[in-house]
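K.L.:
okay, sequence plus prediction incoming.
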Amino acid sequence: MASSCRKYSIAAIILTSYPRGVSAGRRHLFLVCIFVFIRVGAAQAIVLQPSHPSPWQVGGVVTWTATPSVGEPGDYWYRFRARRIGLPYRTWKDYGPANAFSWTDADYSGNFEIEVSARERNKGTISAATARYVLLPNHIEDHPVLLDTPHPLVLLYSAPPCPEDSRMKVRFQAFDGFTQETEYQPCVHGLGVNFYLAGLRAETEYLVYHIVDSGDSFDFGPVLTRTTGSVQADLPVTTVLQPAPLNSPAPILLQENVFASQLATDLAGHVVWYYPGAPLSFMSRPTGDGTFFGIVQDAQGDPWRQVLREFNVIGLSVRETNAGRVNEQLRAIGKRQINAFHHEALRLPDGNIAVLAGVEQILTSVQGAGDVNVLGDMVIVLDPNLNVVWVWDAFDHLEPHRKATLDDQCLPNACPPLRLWFYSIAPLRDTAPGAAIHSPPARRKAVAISGSTRP
């Protein structure tokens, strides 16, 4: 059919009768061709442009901007995906209002493809564009290099290729002798190995070298030196009230601050990392894979600006979605809408992401006289491409007549007038596939969650 449609699609738009030679038996196909041509033609072209031309170096951050050929950028929702050529696409930023996103790959050099899909807000038609991009290795022949990154307290170490069945890690040491090292990375044939080095003090010189473990022996790379930059943020001062014991098994303290940037210090109170963007509303926890989860809440209540973000040590978002996009998926499976994400997100053992979200319900003569706006929790599980795969809504499973233990209510100027019923600041705890423990302080109890509600 596709080849036949290509014959007649242009004619279909300019003629009011069947073209000569179109048999009666093919007239139905011709009408289908008209529909296909008009439907495809409705999608507008979109241009995808990088901030730096290809090729560039591994770890170089590229900002991709999508510009529609018709209308204004604000007329569309945008989704950005990327892939290494030969592998499936992964969603970096799901549909939302921003027409730009920042991207890099700091693992290995190679050829990549970036895709944007732009969906018209009113009509729903989707335009897509793709662009190829090359990231070149940083190492020079057999010599490693040590580079700055956009974050002044994070360095990028780029080593030459190592034997395929080996593995590599990097050790780095301050001049006072404090030593750290990365996790091992596998060696891939013909590709250099790259590491972000974080947990570094400001304006401090570090000695850095790599170690290759072949299974039979250890080979050491040359020692490189580099001095970190200065802190470029207004951070709260950390004062040590009681010195930590020597040889503490946890030498880094990750701090979640209210109304200030999230940061990490060593046990002496020195800043060794901070979130480089505007302060997050919540930073939940590290994933164990060199990334963190953060939540941004919009004071105006716009669901498309209530953001769940996974980001790496330089502050680059590697996964991002928003309540507006999640609500589209919840609506499609007949679930309540959420108002925002809050307090907790974590990676599950199967690679999916669990996150807490708020749900409001007007209850009449249930938690007070007349209509009362009651706030509860929804637990949402997203797959690695940010699709909703599991939902648990407190309003579907718990008794709403039982008030919060202390009759908790939302503070003035913090959110709209709400009665807290089942709203959590305590973490989710994963226990087993399909189960979790949820501890909402408004209930002063732990709730075991099991079973599934899937799209």
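P.N.:
Good, I have the coordinates.

K.L.:
how much space between the closest residue to Ala264 other than its chain neighbours and Ile333?
P.N.:
Spatially, and ignoring its direct neighbours in sequence, Ala264 is nearest to Trp273 (4.1 Å; Cβ to Cβ, 6 or more residues apart in numbering). C-beta: built from backbone N, CA, C; applies to glycine. Per Cβ to Cβ, to the nearest Å, Trp273 is found 39 Å from Ile333.

K.L.:
quick one, which of these two is more surrounded?
P.N.:
Trp273 (23 against 11; other Cβ atoms under 10 Å).

K.L.:
hmm, Glu181 is touching Gln173, no?
P.N.:
No - counting by Cβ atoms under 8 Å, Glu181 does not reach Gln173; the two are 9.2 Å apart.

K.L.:
is it true that Pro161 touches His189?
P.N.:
Yes - here Pro161 reaches His189: they are 7.2 Å apart, a contact under Cβ under 8 Å.

K.L.:
more neighbours, the two?
P.N.:
Neighbours per residue (other Cβ under 10 Å) separate Pro161 from His189, with Pro161 holding more: 18 against 9.

K.L.:
just the strands in the stretch 1-150 of the chain please.
P.N.:
For the stretch 1-150 of the chain, the strands defined by DSSP state E, counting those that start in this stretch occupy 46-50, 56-57, 62-68, 76-84, 90-96, 100-103, 110-120, 126-136, 145-148.

K.L.:
report the central residue of the chain.
P.N.:
Centroid-nearest residue in the chain, with Cα atoms, centre = their mean: Arg319, separated by 1.9 Å.

K.L.:
what bridges to that residue?
P.N.:
Beta bridges link Arg319 to Glu310 when assigned by DSSP bridges.

K.L.:
that one reaches Val355, doesn't it?
P.N.:
No - contact criterion Cβ under 8 Å: Arg319 and Val355 do not qualify, at 11.4 Å.

K.L.:
the nearest residue to Val223 once chain neighbours are set aside - how many residues pack around it?
P.N.:
Residue nearest to Val223 in three dimensions, not counting chain neighbours: Tyr209, with 4.8 Å by Cβ to Cβ, 6+ apart. Each residue near Tyr209 was counted by other Cβ under 10 Å, and the total is 17.

K.L.:
re earlier: turn the strands of the stretch 1-150 of the chain into TSV, columns for mean neighbour count, distance to Gly290 and mean pLDDT.
P.N.:
What follows is the strands of the stretch 1-150 of the chain, written out as TSV (neighbours: other Cβ atoms under 10 Å; distance: least, Cβ to Cβ, whole Å; pLDDT from 0 to 100):
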stretch	mean neighbour count	distance to Gly290	mean pLDDT
strand 46-50	16	24	96
strand 56-57	17	19	97
strand 62-68	18	20	97
strand 76-84	21	17	98
strand 90-96	22	16	98
strand 100-103	19	16	98
strand 110-120	19	19	97
strand 126-136	16	18	97
strand 145-148	16	17	98
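
K.L.:
for Pro245, find the nearest of the ones you listed.
P.N.:
Of all the strands of the stretch 1-150 of the chain, the one in closest proximity to Pro245, counting by Cβ to Cβ, is strand 145-148 (32.4 Å).

K.L.:
that older thread, contacts only, for the residue nearest to Ala264.
P.N.:
Contact analysis of Trp273 by Cβ atoms under 8 Å, 6 or more residues apart in numbering lists Leu153, Val154, Ala198, Gly199, Leu200, Leu263, Ala264, Val313.

K.L.:
low-confidence stretches in this structure?
P.N.:
Low-confidence segments of the chain (pLDDT under 70): 1-44, 364-369, 399, 401-455.

K.L.:
kindly recompute the last result at 50.
P.N.:
The chain contains residues with pLDDT under 50 at 1-43, 418-421, 427, 431-439, 441-445.

K.L.:
quick one, helices of it?
P.N.:
Secondary structure of the chain by DSSP state H: the helices cover 2-14, 27-42, 323-332, 394-397.
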